[in-house]
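Novice: generate coordinates for the sequence data below:
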Amino acid sequence: MEVTGKKIEEIYTFKKQFEEADVVDLTAWFEARMDKLPQELQISNSTHSVNLAKTVKMMLGVVRQKGTSPTFGGYMAHLALIRERLKEQGME
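Specialist: You can find the predicted model right below:
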């Protein structure tokens with residue numbers, strides 16, 4: 001994915017406290033689409049994944065293990081951002 005010089009719209013997905021329902025929702029959404037994820041994705045202007053499936057699997061592992069701990073809210077926010085980027089590309 002070539003993104004040199006191209007800015008993408010910023011999307012704010014962070015919350016001070018994610019709920020268990022948020023964990024369940026994101027986990028289920030990604031599990032239903034793991035086989036449809038693109039190889040790579042420009043997630044934000046400063047974040048790019050060259051192996052999106054691996055990135056998502058690793059982040060989901062942390063979220064499943066740590067749950068709604070505010071310490072790991074960044075993982076939830078990042079997964080939510082990835083989901084929004086995929087929806088922008090037409091993934092339902």
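Novice: what packs against the helix or strand where Ala21 lies?
Specialist: Assigned by DSSP states H and E, Ala21 falls within helix 20-31. Judged by 3 or more CB pairs under 8 Å, 6 or more residues apart in numbering; DSSP states H and E, helix 20-31 is in contact with helix 52-66, helix 73-88. The C-beta positions use only the backbone N, C-alpha and C, and glycine is treated the same way.
Novice: hmm, who's touching it?
Specialist: For helix 20-31, contacts defined as CB atoms under 8 Å, 6 or more residues apart in numbering pick out Lys15, Val56, Leu60, Val63, Arg64, Gly67, Thr68, Met76, Leu79, Ala80, Arg83.
Novice: circling back to that earlier point, mind giving me JSON lines with the helices and strands packed on helix 20-31 and columns for mean neighbour count, distance to Val23 and mean pLDDT?
Specialist: Shown next, in JSON lines, are the helices and strands packed on helix 20-31 (neighbours: other CB atoms under 10 Å; distance: least, CB to CB, whole Å; pLDDT from 0 to 100):
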{"stretch": "helix 52-66", "mean neighbour count": "16", "distance to Val23": "6", "mean pLDDT": "94"}
{"stretch": "helix 73-88", "mean neighbour count": "18", "distance to Val23": "7", "mean pLDDT": "94"}
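Novice: pipe those into JSON lines and attach distance to Gln39 per row.
Specialist: Listed next are the helices and strands packed on helix 20-31 as JSON lines, based on distance: least, CB to CB, whole Å:
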{"stretch": "helix 52-66", "distance to Gln39": "7"}
{"stretch": "helix 73-88", "distance to Gln39": "13"}
